[in-house]
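[1] Structure for the following, please:
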Amino acid sequence: MFFENFKKFIFNYGKGQYTKLVGFTIMSLIAGFLEFLGVALIYPFIMIIIKPESIDIAKYIHIDNNIVGGLLLGLGILLLFIFKNAFIIFYLYLQSKFVANWKQKILFNYMEYYLYAPYKLTMKSSPNDKLYVIGTLVNLVIDNFILRVMNLFTNIAIIAMVLLLLLIKFPIPAFATILFVGLAVVLQNKFFKSRTKKLSEVMNQRHMSYQTSILQNINNIKEIKIQSSENAFYKEFQTTSDNLKEVQIKHMFYCTIPPYIVEILVVSALILMAFILSMQNLNDNSMLIASFAIVVAALFRIAPALNRIQSAINSINSSVNFVKQVNEEYEKLNYPICKQIVINKEKLDFKNKIEFKNICFSYNDAKQVLKNINFTIEKGDFVGIIGLSGAGKSTLADVLLGLLPADSGKIYVDNKELCDSNYASFRQIIGYVPQQINILDKSIAENVAWGVEKFDEKQVVESLKEAQLYDVISENENGIYSNIIIGSNGLSQGQKQRLAIARALYRDPEILLLDEATSSLDVQTEKEITDMLSALRKSKTIIAIAHRLSTLKACNKLVYMRDGKIVDIGTFEELSSNYEDFKNLVKLSNIN
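    The predicted model follows:
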């Protein structure tokens, strides 16, 4: 399962990383060889110190005095260890940089997908799911799996080189020790693997529940207070937090155990090798001391590497489900269709009319939401799209905006068909006002300009004036540069609505599209907004979607929808006289 998930992750996310991974593999082997060399030189160094006549050092460095030669060899060993450690530190720096860049690239890919992919595809996952992927899942996978895999390979290379030295120098004791330690490590891994695998599954679920609890509490503070539900939501948060803490404690506990087990194994290995070496060198104390010194040095290098290997294996086992999930997430996406596009800033010509011809749309095969929609919007119209909730009004707006592709049918602007190649140009002439107003934690001006890096101050002021909000904003000390709406506080609902209208007007659109924009306003504020729209009608084509008829009484054309179909198109008076259910809506709205 490990290799399958790792291979799939590299295939999905490793584009452009293969060469670097090969480079790190080579550097790991170099690090292992340096460990091999450093430990190997200890043996002749000890022999020269305790038995100078045993090695003719003049053969190698042309120095007659073996003591001086031994000291020089010791200095060389010291320099080798300094170089080796400097190399490993540099390797770890490059590794950290590589992993951080790779993580950032994956996060960029996901954000690119969420921003550039077709809107219908992004609707398949909730905001909580998106936040979990970007804020938690990718970090867990890179830090607890990929980085650990790289560390695992590096330490395996180090141990392999040191064990190779022991096998060359002391084949019988080294083989016996490797067999003993290897068997112990395999049993240890078998013990931990099943537990960390189960832990991974539980931890994944509890991470998501914990994050969901945080978001729902923060996003609904006002409603929670109004309903006096603080205790219930706080208790739920405590429960999800306790559940996550429980698995985190187990995970941290499993991660702390390996060093102590490895310590026992290393001491056992040391005793075993010391016993075998003593039996092999009973008559040569110098050889015994030098052999024992190299064994101690080797085990001194193996022990921390073995600790890191065991910790890495535990972390990898506990992260397998995260990797599986991030692979599944990738397979749901279609990256080729969501690459960044060059937005066409040219506006589409709109001089006469917009035509809907036989538009049909469904979110799935179970139910058709829009059924053969046919109507025309003339330039300068104030068109109202009316109907009860679920009639398909907002879906029709999303189809017009190109967010949702129609299953069949066409939309034409002055006889030019709207398609993928010109929708961006069409959106340049549309100002959109949603029901749910999103406020950026930035200045008023940046909220009006919305995504424009260098905004036009004059245009911001003009937009606020058209939305009848400038007088309120100018009362603040910093005017349009004031940041009084942190967390969406500081403005009334009606003022937020005007801010959204100012945002829509900033680009001087020819069409203003309002999607249930007055549904949450009081009667007085709704009237003020409606009067403002009537004034804008002189220079804009306005499309207003609503289920409150009071918003639409000023429209010159109403499109009456029911169950995804257009029932009729006419004026307010015509629909009232022709349709009893529309007449009942009028009575319910108390419109005289």
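[2] next one: stretch 77-95 to chain centre, how far?
    Centre-to-centre, stretch 77-95 and its host chain are 34 Å apart (Cα atoms, centre = their mean, to the nearest Å).
[3] With stretch 207-224 instead?
    Centre-to-centre, stretch 207-224 and its host chain are 19 Å apart (Cα atoms, centre = their mean).
[4] In it, which residues are buried?
    Buried residues in stretch 207-224, defined by neighbour count with 16 or more other Cβ atoms under 10 Å: 207-213, 224. The way it works is simple: take the backbone N, C-alpha and C, and place the C-beta from them, glycine included.
[5] thinking Asn556 is in contact with Asp381, fair?
    Yes: using Cβ atoms under 8 Å, Asn556 makes contact with Asp381 at a distance of 6.1 Å.
[6] out of those two, which sits in the busier spot?
    Asp381 (19 against 14; other Cβ atoms under 10 Å).
[7] Which residues are in contact with the more buried one?
    Counting by Cβ atoms under 8 Å, 6 or more residues apart in numbering, Asp381 touches 541-542, 556-557.
[8] Looks to me like Tyr412 is in a strand.
    Yes: Tyr412: assigned to a strand according to DSSP: H, G, I helix; E, B strand; the rest coil.
[9] Leaving out the residues flanking it, which one is nearest to it?
    Closest residue in space to Tyr412, ignoring its immediate chain neighbours: Glu355 at 4.4 Å, by Cβ to Cβ, 6 or more residues apart in numbering.
[10] and after the lengthiest helix in the chain, which helix or strand comes next?
    The longest helix of the chain (DSSP state H) is helix 66-116. Remark: after helix 66-116, the chain's next helix or strand is helix 119-122, criterion DSSP states H and E.
[11] Tell me the gap between that next one and the middle of its chain.
    17 Å.
[12] Kindly list the single helix or strand of the chain that scores lowest on mean pLDDT.
    In the chain, no helix or strand scores lower on mean pLDDT, DSSP states H and E than helix 58-61, which sits at a mean of 57.
[13] can I assume Leu585 sits in a helix?
    Yes: the assignment for Leu585 is a helix, going by three-state DSSP.
[14] Check what pLDDT it gets.
    pLDDT for Leu585: 72.
[15] Can you give me the neighbour number for it?
    Applying other Cβ under 10 Å, we find 20 residues neighbouring Leu585.
[16] From Arg562, how far out is it?
    Distance, Leu585 to Arg562, using Cβ to Cβ, to the nearest Å: 11 Å.
[17] for Tyr260, same thing?
    As judged by Cβ to Cβ, Tyr260 and Arg562 stand 72 Å apart.
[18] Who has more neighbours out of the two?
    A direct count of neighbours by other Cβ under 10 Å for Tyr260 and Arg562 places Arg562 higher, at 17 against 10.
[19] Name whatever forms a beta bridge with the more buried one.
    For Arg562, the beta-bridge partners under DSSP bridges are Lys565.
[20] ok now do it, which residues does it touch?
    387-388, 391, 581.
[21] What is the nearest of these to Pro171?
    Checking the contacts of Arg562 against Pro171 by Cβ to Cβ gives Ala391 as the nearest, at 83.8 Å.
[22] Quick check, pLDDT for the closest one.
    Note on Ala391: pLDDT of 85.
[23] next one: Leu505
    Per-residue confidence (pLDDT) for Leu505: 88.
[24] do you know how far the residue nearest to it when sequence neighbours are not counted is from Gly380?
    Excluding the flanking residues, the one nearest Leu505 by Cβ to Cβ, 6+ apart is Ser463, at 4.4 Å. Separation of Ser463 from Gly380 (Cβ to Cβ) stands at 21 Å.
[25] When these two are compared, which one has more neighbours?
    When Ser463 and Gly380 are compared for neighbours, Ser463 comes out ahead with 26 against 14, by other Cβ under 10 Å.
[26] show me what contacts the more buried one?
    If a contact means Cβ under 8 Å, 6+ apart, then Ser463 has 448, 502-503, 505-506 as its contacts.
[27] Among those residues, pick out the one closest to Gly431, please.
    Leu505 (5.7 Å).
[28] State the distance from the nearest residue to Leu418 once chain neighbours are set aside to Leu164.
    Once flanking residues are discounted, Leu418 sits nearest to Ile411: 4.6 Å by Cβ to Cβ, 6+ apart. Separation of Ile411 from Leu164 (Cβ to Cβ): 71 Å.
[29] Who has more neighbours out of these two?
    Each of Ile411 and Leu164 had its neighbours counted (other Cβ under 10 Å), and the higher figure belongs to Ile411 (20 against 15).
[30] Tell me what the more buried one is bridged to.
    Ile411 has these beta-bridge partners by DSSP bridges: Phe356.
[31] I'd say it and Phe361 touch.
    No: under the criterion of Cβ under 8 Å, Ile411 makes no contact with Phe361, lying 11.4 Å away.
[32] Just the residues contacting stretch 224-231, thanks.
    Contact partners of stretch 224-231, identified using Cβ under 8 Å, 6+ apart, comprise 217, 223, 233.
[33] Apply 10 Å and report the result again.
    The contact list for stretch 224-231, computed with Cβ atoms under 10 Å, 6 or more residues apart in numbering, reads 216-218, 220-221, 223, 232-236.
[34] now, which of these lie within helices?
    Applying DSSP H to the contacts of stretch 224-231, the entries found in helices are 216-218, 221, 223, 232-236.
[35] and those as CSV, adding pLDDT and distance to Ser421?
    Below are the ones in helices among the contacts of stretch 224-231 laid out as CSV (pLDDT from 0 to 100; distance: Cβ to Cβ, whole Å):
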residue, pLDDT, distance to Ser421
Gln216, 81, 41
Asn217, 84, 44
Ile218, 81, 41
Ile221, 79, 44
Glu223, 72, 44
Ala232, 84, 52
Phe233, 86, 48
Tyr234, 87, 52
Lys235, 88, 54
Glu236, 88, 48
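[36] Could you report the neighbour count for Leu536?
    By other Cβ under 10 Å, 18 other residues sit near Leu536.
[37] residues in contact with the spatially most central residue of the chain?
    Closest to where the C-alpha atoms of the chain average out (Cα atoms, centre = their mean) is Ile134, at 1.3 Å. Contact partners of Ile134, counting by Cβ under 10 Å, 6+ apart, are 106-108, 110-111, 114.
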